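A.B. asks: Sequence first, predicted coordinates after that:
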Amino acid sequence: MKKLGLFALFLLAILIAASMLPLVDWARAAIVWSRDNPGASWLVFIAAYLVAGIIMTPTWILTVAAGYIFGWWLGIGIVFVGAMLGAMAAFLIGRGLARELVQAKVAAVPKFSALDSAIEGQGFNIVLLARLSLLLPYNLLNYAFGVTAVSFRDYAVASAIGMTPMVLLYVFLGTTVSDVRALLSGDLDTGSAGHVLT
């Protein structure tokens, strides 16, 4: 119970700080710095992706930013490493430190209750299908699967396969961005690729 309380306080502190800090300005400065220093910024970018996965911050902007900063191939590689580290960290936190909190959150969402009951013996397939679904929140899934019976191996492999289409699409979208202000505002001229993603 003590661990649960500490974890809840940690998340609350992060949310309060995020609401009070100029995150958009910081993000803009970080993206500009990363674009100017691609050799030094990939590790920082992976760390940011890891933290975003743990605190359940939407990561699509980071995925698009990877394409903008690093280009197609390197962007895909960096996003995969960061996304997998974040997903695995959240899964392990959900399975251990914050298990009670995650179980309470999952129990309140009927979709996740159905997911839990379906996962017996079909862990790999259920994780893969959930990753491909646009109806289930990606970051909450990381924690939710931690309190199910799915094995870590099945979770990791199915997650890697299931996240591939969206990673490819969003990184590609990032390679078409020419202005960091458009990237951060979401006001992107994406052409036909944008219609696929929205």
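C.D. replies: Alright, I've got the coordinates. Numbering: from 1, shown residues only.

A.B. asks: any idea how far residue 47 is from residue 89?
C.D. replies: According to C-beta to C-beta, to the nearest Å, residue 47 stands 11 Å off from residue 89. Every C-beta, even on glycine, is put in place using the N, C-alpha and C of the backbone.

A.B. asks: typed the wrong thing, it's residue 127
C.D. replies: Here the criterion is C-beta to C-beta. By it, residue 127 lies 16 Å from residue 89.

A.B. asks: And residue 78, by the same measure?
C.D. replies: When C-beta to C-beta is the yardstick, residue 78 and residue 89 sit 17 Å from each other.

A.B. asks: More neighbours: these two, which one.
C.D. replies: Neighbours were counted for residue 78 and for residue 89 using other C-beta atoms under 10 Å; residue 78 has more, 24 against 15.

A.B. asks: what pLDDT does the more buried one get?
C.D. replies: According to the per-residue confidence, residue 78 scores 94 in pLDDT.

A.B. asks: And for residue 164?
C.D. replies: Note on residue 164: pLDDT of 93.

A.B. asks: swap in residue 40?
C.D. replies: What the model reports as pLDDT for residue 40 is 74.

A.B. asks: same question, the one 10 residues further on
C.D. replies: Per-residue confidence at residue 50 stands at 87 (pLDDT).
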